[in-house]
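> here is the input, now give the coordinates:
(2 chains, ligands or ions: 2)
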Amino acid sequence: MPISLYIHYPFCTHLCHYCDFYKIHRSDDVEVAYFQTLEIELKLAWESLNPDQRNLDTIYIGGGTPSLIEPKHLDRLLENIRKLFTLVDNPEFSLEINPESATSDKLLFLKTLGVNRPVFGIQSFNHRSLKILNRTHNIDDSFRAVYLARAIGFENFGIDMIFGLPRQSAKTLSDDLIQLIEFEPPHISYYQLTVEKNTPLAIKVNDGKIKLPDPDLTGAMYRGINAELSRQRYIRYEISSFARPGFECRHNMRYWEEGDFLGLGPSAHSFINNQRFANTSDLSAYIDKLSHGERPLIYDYGQENSRIHEAIMLGLRTSRGIGRQNFKDRFGMTVEQAIDNKTLQIFIESGFVDPAGDRLRLTDSAFPLADEIIRRLVK
Amino acid sequence: MIEQKYIRNFSIIAHIDHGKSTLADRLLEATSTLTDRQMRSQVLDDMDLERERGITIKAHAIRLSYKANDEHIYQLNLIDTPGHVDFTYEVSRSLSACEGVLLVVDASQGVEAQTVSNLFLALQNNLEIIPIINKIDLPSAHPDDVAKQIIDLIGCKKEDILHCSAKMGLGIDELLETIIHKISPPSGNLGAPFKALVFDSVYDSYRGASVYIKVVNGSVQKGDVIKFFSHGKQFEVDEVGCRRLENIPTESLSAGEVGYLYAGIKEVADTRVGDTITKVHHPAESPLPGFVAIKPMVFSGLYPAIAEDYTELREALEKLKLNDASLSYTPETSSALGFGFRCGFLGMLHMEIITERLAREYNQLIINTVPNVEYLVYMKDTSIVTVDSPSEMPDAGKVDYIEEPYVESQIITPPDYIGSVMRLSTDRRGIYKNTEYPTPARAILSYDFPLSEIIFDFYDKLKSISRGYASLDYGIPFYQKSNMVKLDILINDESVDALSVIIHREKAYKYGASLTEKLRTLIPRQMFEVVIQGAIGSRIMARATVKPLRKNVTAKCYGGDITRKRKLLERQKEGKKRMKQVGKVEIPQEAFLAALKIEE
Ligand SMILES: Nc1nc2c(ncn2[C@@H]2O[C@H](COP(=O)(O)OP(=O)(O)O)[C@@H](O)[C@H]2O)c(=O)[nH]1
Ligand code: SF4
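Ligands and ions are numbered 1, 2, ... in the order given. This next block holds a predicted model:
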């Protein structure tokens, strides 16, 4: 079975206020050290795989800001990957791009390299919102990025958006949506802004300097986004993922359907042979360990039922739901046996859960409450 | 065998913080009862919890040897008494083991109601009273005023009052001599059949209960077979002795002496305070007077916060009961809280102590329901039902009338606060009787209060409206007719039994309104609208709603980091165990606890 490969590029030129991904300021020297180490890691990780896991069908380079990577490093990385792994026919190859670095040279280079799914971190078309988030790009950058993506002939590309922004109203959200739809991206990720601990945003929110829309309004926003995108023939195939038919992100589906994936680079997560593990989230520790030939892994052994909890949580977040047969094959019990039945009955009666057929799934009206439902269902 | 004329048995009566423990320390030091190494400060309180609260709950007796100025060695038995309203009966039994008491009053605070009530108990037991003004070293001391209060109280002479500083060790030698001269020796009959008063017992898991006794007549020693008057059970004595800090076994305990005894008694419930023991051969004819099987006054449901802990909770209660005969419990179930226990306590303090001990010593987190007193319900068919739980309240249609327990009580306050005290008392349905002014600085207000109105937070309220000066004391309950109703809380039309209360009709409306409102803020938004109602019978009198949750989904489940989100879910799942389910509604523990803190 082919697996997925994720590569975390941990550098940015500028730090956004809401972001809690692992990243540091970029410099040429450190970038060189990082790529040297990544090469070692790639080799070691490859050695640890079974032969049939040495096939890739999706690659995802995320960060950080991978659109900053020096082309020569990227060239060499891809060369190494190709040397070690077999790429299946028509692999999906995504790379995250910040609009300000989307020049035609860069996009052309990425295309020749094999990237076939650029993902643009546009987040919003509202100037003030971008400011509050401390993004560096402006609206013109976003227009240029999308225009070039089309001109250069990327059939598939994604746009990442955020809602629930500080001071966002129904009106400004709808402006964002109108613009987004005009671009007709084959794929949209529409995330709600989460205030992550210890970010500059969190500090401002705690100090009362920034006010977020209340939960009733964000609820309405989420419903509005769903309704509008569905009118525009997008399919919501996961809580915050929308795609035109056939453009669902295969890489992300691999996460949610719990296939094997290998993550490289600091803070990257992996799931191989039913075991979850992650790299240390510290670049120097990462470099240090690997320069001694050791992988900087942290294992997540979980509790007794953690794999079951994950399967329920991830399955119900996708529109397809949890495959009953697959679940039974994996855990030796039915989904119904694995969840709180009394609560399930209540949810079925109230029309939040659809148990019919070979999959157990949330109904449309239940999606905005998915966390609540999942929390109440797990045993 | 010591002659009775060389024995003195006494207790210390003092309001909390007036210096009882410090004084006890000084007496122990002065009689070299303890080596320095053994000398912890305030040795008489030996449970952590009691120490923190500054209350000696479990009485102990400690023996001192004192060589007096007359060159004789005297055996002094200092019997410690609990110092809280919840424990009046225990105090009275401990006092009846004494021939005298030291009445300790703080030179800066003066006499408090608690002291007065214990003093009455001492007077009823015909004890010699040695008045002591303590803390004379304090700059704020006003010993002359305090002396006047004491004279008013016990009618002694000014010269009879000793002045001490327990902290500085002043006046201790004089005190010891006074004890010898003024307190009479016990006057038991050594030749009469053995008879002893049980004034306390402590559970020991190896040896069974250690029973504290005062021998009135005769003597007892190892091998004797004894029996308890109240239940007739027999035991063979396997050790007698006295206590210093540890137990010191002795040959025997004879008339007038105070000490402990082991007889393989497995349950402290068999060793009830105030009971009389005698020997099976040549038994005494009659028991000592004054034994009352103590009854719990406050009842509350105790439920494990997490249902699975039920068995552990039961085991913990079993263990606590071993050491605390006054704790009672029977299994009960609640549709909201699941399996738990209906527990009876001597008072609120007792309940708090038990709850705290369950948490600290047994790691048991519990939810307790609103405490209740015991009501007498007179039915139309002329039967009488005792009700100590709202769920047992019979259908209103079948009830003729209800009686609730009242207590006679006295509030001592500086005259400045009389107005506030009266307002508070009226608010608590107090029936005013009269006011006395024993001294210009103090008024004594007498009221009859419904017990339920004063056992909860009355004391704290009283303290706060009087800047800490007013104090309260009350007696044994009697029953009186009252307009009580059962107030139910309905959540989405289902009655939540654990939130029901029995309450006076006049107070039901306000209570219902504030509880429903409080619940509204404590019950988190759910996937459905939650309607909270307060009702008497079928009449709804308060209503509040919790709007349904519109959205709860964190959009981001980003990259391959499944671990983080799952861990969050698993933490929430743990939290869910602490939620109680009523119909479709999840109710957090805090909601049940909130009911305990509602202002009526
Ligand atoms: N200044 C002064 N403080 C004292 C005296 N006796 C006791 N205290 C203090 O008063 C507080 C309460 O004393 P304690 O013996 O614990 O009182 P209890 O609650 O009656 O046992 C403690 O802080 C003692 O140190 C005294 O004679 N003079
Ligand atoms: S560019 Fe992306 S990774 Fe860098 S700080 Fe902003 S959001 Fe975070």
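
> touching, A:K211 and A:P166? I think so.
Yes - judged on Cβ atoms under 8 Å, A:K211 makes contact with A:P166 at a distance of 6.5 Å. Backbone N, C-alpha and C define where each C-beta goes, glycine included.

> which residues does the nearest residue to B:P304 once chain neighbours are set aside contact?
Excluding the flanking residues, the one nearest B:P304 by Cβ to Cβ, 6 or more residues apart in numbering or on different chains is B:L313, at 4.8 Å. By Cβ atoms under 8 Å, 6 or more residues apart in numbering or on different chains, the residues touching B:L313 are B:302, B:304, B:340-341, B:358, B:362, B:364, B:366.

> mind listing what's buried in the helix or strand that B:L313 is a member of?
Element membership of B:L313 [criterion: DSSP states H and E] is helix B:310-323. By neighbour count on 16 or more other Cβ atoms under 10 Å in any protein chain shown, the buried set for helix B:310-323 is B:310, B:313-314, B:316-317, B:319-323.

> which stretches of chain B have low pLDDT?
Counting by pLDDT under 70, chain B has low-confidence residues at B:33-59, B:82-87, B:114, B:245, B:555-559, B:598-600.

> would you map the helices across it?
Assigned by DSSP state H, the helices in chain B fall at B:20-30, B:48-53, B:88-95, B:113-124, B:143-154, B:172-182, B:310-323, B:348-362, B:418-427, B:451-454, B:458-465, B:505-522, B:562-577, B:589-594.

> B:E246: neighbour count?
7 (other Cβ atoms under 10 Å in any protein chain shown).

> for B:H60, see how far away it is.
B:E246 is 12 Å from B:H60, where distance means Cβ to Cβ, to the nearest Å.

> so what does the strand or helix carrying A:D89 touch, helix or strand wise?
Using DSSP H and E, A:D89 sits within strand A:86-97. Packing contacts for strand A:86-97, counted by 3 or more Cβ pairs under 8 Å, 6 or more residues apart in numbering or on different chains; DSSP states H and E, involve strand A:55-63, helix A:104-113, strand A:117-123, helix A:250-256.

> what's in contact with the second one?
Taking Cβ under 8 Å, 6+ apart as the criterion, the residues outside helix A:104-113 that touch it are A:67, A:71, A:74-75, A:78, A:95, A:97, A:118, A:148-149, A:151-154.

> and which of those is nearest B:G264?
The closest of the contacts of helix A:104-113 to B:G264 turns out to be A:L95 (Cβ to Cβ; 81.7 Å).

> pLDDT weak spots in chain A?
Counting by pLDDT under 70, chain A contains no low-confidence residues.

> how about B:K551, phi and psi?
Torsion angles at B:K551 (phi, psi; degrees, to the nearest 10) stand at phi -160, psi 130.

> pretty sure it sits against A:P213.
No - in this structure, B:K551 is not within contact of A:P213 by Cβ under 8 Å, at 10.7 Å.

> just the CA atoms of stretch A:138-154, as CSV, please.
Presented in CSV, the C-alpha positions along stretch A:138-154 are these (Å, rounded to 0.1, in the frame of the first residue of the first chain):
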residue,chain,number,x,y,z
ASN,A,138,-2.3,42.1,0.9
ILE,A,139,-5.3,41.6,-1.3
ASP,A,140,-3.3,42.3,-4.5
ASP,A,141,-1.0,39.4,-3.7
SER,A,142,-3.9,37.1,-3.4
PHE,A,143,-5.3,38.2,-6.7
ARG,A,144,-1.9,37.7,-8.4
ALA,A,145,-1.4,34.3,-6.8
VAL,A,146,-4.7,32.9,-8.0
TYR,A,147,-4.4,34.5,-11.4
LEU,A,148,-0.9,33.0,-11.9
ALA,A,149,-2.0,29.6,-10.7
ARG,A,150,-4.6,29.5,-13.4
ALA,A,151,-2.4,31.0,-16.1
ILE,A,152,0.4,28.5,-15.4
GLY,A,153,-2.1,25.8,-15.7
PHE,A,154,-2.6,24.3,-12.2
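
> and it with ligand 2, contact?
No - judged by Cβ under 6 Å from any ligand atom, stretch A:138-154 stays clear of ligand 2, getting no closer than 12.7 Å.

> and that stretch, what's buried?
Using 16+ other Cβ under 10 Å as the burial criterion, the residues of stretch A:138-154 that qualify are A:141-142, A:144-146, A:148-149, A:154.

> give me the subset of those residues lying in strands.
If you go by DSSP state E, those have nothing in strands.

> now render the residues you listed as JSON lines, adding distance to ligand 1.
Compiled in JSON lines, the buried residues of stretch A:138-154 are given as follows (distance: Cβ to the nearest ligand atom, whole Å):
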{"residue": "A:D141", "distance to ligand 1": "71"}
{"residue": "A:S142", "distance to ligand 1": "71"}
{"residue": "A:R144", "distance to ligand 1": "77"}
{"residue": "A:A145", "distance to ligand 1": "74"}
{"residue": "A:V146", "distance to ligand 1": "76"}
{"residue": "A:L148", "distance to ligand 1": "80"}
{"residue": "A:A149", "distance to ligand 1": "78"}
{"residue": "A:F154", "distance to ligand 1": "80"}
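
> which one of those residues is nearest B:V373?
Looking across these and measuring by Cβ to Cβ, the closest to B:V373 is A:S142, at 71.2 Å.

> from ligand 1, how far off is the residue lying closest to B:V280 once chain neighbours are set aside?
Spatially, and ignoring its direct neighbours in sequence, B:V280 is nearest to B:V225 (4.4 Å; Cβ to Cβ, 6+ apart). Going from B:V225 to ligand 1 by Cβ to the nearest ligand atom, to the nearest Å gives 39 Å.

> cool, B:G264 as well?
Taken as Cβ to the nearest ligand atom, the span from B:G264 to ligand 1 is 34 Å.

> try B:R467
B:R467 is 19 Å from ligand 1, by Cβ to the nearest ligand atom.

> repeat for B:L119
Separation of B:L119 from ligand 1 (Cβ to the nearest ligand atom): 15 Å.

> where exactly do the helices run in the stretch 101-250 of chain A?
A:104-113, A:127-133, A:139-152, A:170-183, A:200-206, A:215-231, A:250-256 (DSSP state H, counting those that start in this stretch).
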